[in-house]
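Asks: Sequence isn't available, so here's the structure alone:
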């Protein structure tokens, strides 16, 4: 079973059949996590809508 670690509390996370983009909860701290890779198995905190807006604004700003 693939294993990784929670980016918030370092708890071991096991998912029997991980899928890219799937959302899971850390079994220890309860943090909502997104599976960002299945090989190697990795999770991260998901971007929320505000994060997307900030990234788009940064990309739209011209380099000076």
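Replies: Noted; the coordinates are in hand. Owing to the predicted nature of the structure, the values given are computational and were not obtained by experimental measurement.
Asks: What residues of stretch 32-39 count as buried?
Replies: Neighbour counts over stretch 32-39 (16 or more other C-beta atoms under 10 Å) mark 33, 35 as buried. (Each C-beta comes from the backbone N, C-alpha and C, glycine too.)
Asks: Please tell me the pLDDT value assigned to residue 25.
Replies: Listed pLDDT for residue 25 reads 97.
Asks: Is it in contact with residue 32, as I believe?
Replies: Yes - at 5.9 Å, residue 25 and residue 32 qualify as touching, with contact defined as C-beta atoms under 8 Å.
Asks: Of all residues in this structure, which one is nearest the centre?
Replies: With distances taken as C-alpha atoms, centre = their mean, residue 44 lies nearest the centre of the chain, 2.3 Å away.
Asks: For that residue, give the beta-bridge partners.
Replies: For residue 44, the beta-bridge partners under DSSP bridges are residue 34.
Asks: right, and it touches residue 36 too?
Replies: Yes - using C-beta under 8 Å, residue 44 is in contact with residue 36, at 5.0 Å.
Asks: Now tell me which helix or strand of this protein has the poorest mean pLDDT.
Replies: Within the chain, no helix or strand scores below helix 49-60, which has a mean of 59 by mean pLDDT, DSSP states H and E.
Asks: Neighbours of residue 13, how many?
Replies: 22 (other C-beta atoms under 10 Å).
Asks: what's the closest non-adjacent residue to it?
Replies: What sits nearest to residue 13 in space, not counting adjacent residues and going by C-beta to C-beta, 6 or more residues apart in numbering, is residue 4, at 5.1 Å.
Asks: quick one: residue 21 from residue 36, how far?
Replies: 8 Å (C-beta to C-beta, to the nearest Å).
Asks: I misspoke; the intended subject was residue 13.
Replies: Distance from residue 13 to residue 36, by C-beta to C-beta: 12 Å.
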